[in-house]
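Novice: This is a predicted model, with the sequence first.
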Amino acid sequence: MSGKLDILVGADVLPDANSGAAGTVMDTSHALAKLGHRVDSFWADSLGRKVSHGNLHYILELPRAYRREVAARLARRGYDVVQLSQPYSYLSGRMVLGLPNRPLMVWRSHGLEAKVDAAMLRYAPTTSSTVRGAFRALVGHRLHWIQREAMHCSDGAIVPCADDKKFLVEQFGAQPDRVAVIWHGVPDAYLDAPVSTDERRWKRLLHVSQMSANKGPMIMNRVVAQVLQSRTDVCMTWICPQPLHDALLSALPDGVRDRVDLRGWVDRSSLMEMYDTHGIFLFPTLAEGAAKVVMEAMARGMCVVSSDTSGPTDYIRDGANGRLVPVGDVSAMALSAADLASDAEMCSRLGHSARVTAAEFRWGRCASAMTAFYDHLNSIRRY
């Protein structure tokens, strides 16, 4: 399979460079194209959708929509690789694996739902009515089955962190040599532009999140309160969906609200400016995939204080290029952030080391690793 490949990529999102999963698919495709491969893509607007409920859409519609679109594309052109994002590809996999002279079938995870669910049960258990709880359990069981089935109906899987590979192997029985950890990349602009040397940045905290429960928003509020109450010279910027701003601000103590700046979602260029004017990046996640914002913050010379789980544990060496704290430990994260805010020399050292680490994670490296994995899968493929 070595050489120039024809690759079909599919994702159930709209193409948006400023979005997490969509931006990842787009950046990877562009990097593969730079290596000389031909990449065709289809997106959510080609798949159609009638069921508005997210999980029911994933269960009832998306696997069939993926299969329909893949079959139509294969009827028009031969491909060397079919790669679908997230695990709703099992029907496509069954179809592709039954074809003569078939392409490789690969599914790419941006974060394992089953791993996230396990973390939520451990760190943030919720109570609900008997009926609602039973419905959620039934839906969750089916989604986990879909993920297992996708693994078995493909030649291999690509995951964004070592934690995810471990989960697939230990919980889903995946064969280790069929799962590749391929880290996400950092835009070249983030690595090529010089970083700020303004020491005032070390008094400014930053958090960027879409605010899903696994991102630890309940932890973030408490961390912000503790840090700002202990350090009156520190301020905070929180980038998250606009409709949540009033509730987040009202949950903070009176004495710190005037030092918290809530911002809506921004594009890549504006986000880079936010990284450059802040020094300490807080990431209290309960479970993740890649945690791409962590690597972006490191690329801009920020000191990251993160939970010791998922992607950040692949990038951060505690005390060398950032800080890692136990998952869910509000006091540990707040204390680490406050200590950093009082030590500009340490911040500068950690931030420089973080940037050196991030320089290893360009999108070209991601594409090269992906091509090498295709070659590996082809050598052990199931015909």
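Specialist: Great, that's in hand. Residues are numbered from 1 along each chain as shown.

Novice: What ranges in the stretch 101-250 of the chain fall below the confidence cut-off?
Specialist: Of all residues in the stretch 101-250 of the chain, those with pLDDT under 70 make up the ranges 126-133, 135.

Novice: which stretches of it form strands?
Specialist: Using DSSP state E, counting those that start in this stretch, the strands assigned to the stretch 101-250 of the chain run over residues 104-108, 156-159, 179-181, 204-208, 235-239.

Novice: can you tell which of the ones you listed is closest to residue 15?
Specialist: Ranking the strands of the stretch 101-250 of the chain by proximity to residue 15 (CB to CB) places strand 104-108 first, at 15.6 Å. C-betas here are computed from N, CA, C, even on glycine.

Novice: So for the closest one, what gets flagged as buried?
Specialist: Within strand 104-108, the residues that qualify as buried by neighbour count (16 or more other CB atoms under 10 Å) are 104-108.

Novice: the domain parsing of this protein - what is it?
Specialist: Under the assignment automatic domain parsing, the domains of the chain span 6-185+362-380, 188-358.

Novice: tell me how far the ends of the shortest one are from each other?
Specialist: Chord length of domain 188-358, first to last residue, is 11 Å (CA to CA, to the nearest Å).

Novice: Please apply the same query to the first one.
Specialist: End-to-end span of domain 6-185+362-380 (CA to CA): 19 Å.

Novice: quick check, distance from it to the centre of its chain.
Specialist: When distances are taken as CA atoms, centre = their mean, to the nearest Å, domain 6-185+362-380 is centred 13 Å away from the chain's centroid.

Novice: Break down the stretch 151-300 of the chain into its helices, ranges please.
Specialist: In the stretch 151-300 of the chain, the segments counted as helices under DSSP state H, counting those that start in this stretch are 162-172, 188-192, 217-230, 245-250, 268-276, 292-299.

Novice: Same question for the stretch 1-150 of the chain.
Specialist: 20-34, 44-47, 54-56, 62-76, 90-97, 113-123, 130-152.

Novice: Which of the ones you listed sits closest to residue 331?
Specialist: Minimum separation from residue 331 across the helices of the stretch 1-150 of the chain (CB to CB) falls at helix 113-123, 15.1 Å.

Novice: can you give me the angle that closest one makes with helix 217-230?
Specialist: For helix 113-123 against helix 217-230, the angle between stretch directions is 50 degrees (axes from the mean of the first three to the mean of the last three CA atoms, to 10 degrees).

Novice: contacts for helix 113-123?
Specialist: Outside helix 113-123, the residues that touch it by CB atoms under 8 Å, 6 or more residues apart in numbering are 87, 126, 140, 143-144, 147, 163-164, 167, 171-172, 213-214, 286-287, 309, 327-328.

Novice: what's the angle between that helix and helix 162-172?
Specialist: Following the same axes, to 10 degrees, one obtains 90 degrees for the angle between helix 113-123 and helix 162-172.

Novice: what comes up buried for helix 113-123?
Specialist: Of the residues in helix 113-123, those with enough neighbours to count as buried (16+ other CB under 10 Å) are 113-119, 123.

Novice: pretty sure residue 297 is touching residue 279, no?
Specialist: No: with contact taken as CB atoms under 8 Å, residue 297 and residue 279 are classed as non-touching, separated by 9.8 Å.

Novice: And the two? Which one has more around it.
Specialist: More crowded of residue 297 and residue 279, by other CB atoms under 10 Å: residue 297, with 32 against 29.

Novice: hang on, the earlier thing: adding distance to residue 359 as columns, could you present the strands of the stretch 101-250 of the chain in JSON lines?
Specialist: Rendered in JSON lines, the data for these read as follows (distance: least, CB to CB, whole Å):
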{"stretch": "strand 104-108", "distance to residue 359": "24"}
{"stretch": "strand 156-159", "distance to residue 359": "22"}
{"stretch": "strand 179-181", "distance to residue 359": "19"}
{"stretch": "strand 204-208", "distance to residue 359": "21"}
{"stretch": "strand 235-239", "distance to residue 359": "24"}
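
Novice: do you know which of the ones you listed lies nearest residue 352?
Specialist: Each of the strands of the stretch 101-250 of the chain was checked against residue 352 via CB to CB, and the shortest separation belongs to strand 204-208, namely 17.7 Å.

Novice: Can you report how many residues neighbour the residue nearest to residue 48 when sequence neighbours are not counted?
Specialist: Once its chain neighbours are removed from consideration, residue 48 has its nearest residue in residue 65; the separation is 6.1 Å (CB to CB, 6 or more residues apart in numbering). By the other CB under 10 Å criterion, the neighbourhood of residue 65 contains 22 residues.

Novice: ok, now which ones touch residue 221?
Specialist: Residues counted as contacts of residue 221 (CB under 8 Å, 6+ apart) are 248, 251-252.

Novice: actually residue 232, not the one I typed
Specialist: Contacts here follow CB under 8 Å, 6+ apart; on that basis residue 232 touches nothing.

Novice: Would you mind measuring from it to residue 355?
Specialist: Residue 232 sits 29 Å away from residue 355, going by CB to CB, to the nearest Å.

Novice: Also residue 139?
Specialist: For residue 139, the distance to residue 355 equals 42 Å [CB to CB].

Novice: which residues in the stretch 251-383 of the chain form strands?
Specialist: In the stretch 251-383 of the chain, the segments counted as strands under DSSP E, counting those that start in this stretch are 260-263, 280-283, 303-307, 323-325.

Novice: would a markdown table of those with mean neighbour count, distance to residue 334 and mean pLDDT be doable?
Specialist: As requested, these are arranged in a markdown table below (neighbours: other CB atoms under 10 Å; distance: least, CB to CB, whole Å; pLDDT from 0 to 100):
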| stretch | mean neighbour count | distance to residue 334 | mean pLDDT |
| --- | --- | --- | --- |
| strand 260-263 | 16 | 14 | 96 |
| strand 280-283 | 28 | 9 | 98 |
| strand 303-307 | 28 | 9 | 98 |
| strand 323-325 | 23 | 9 | 98 |
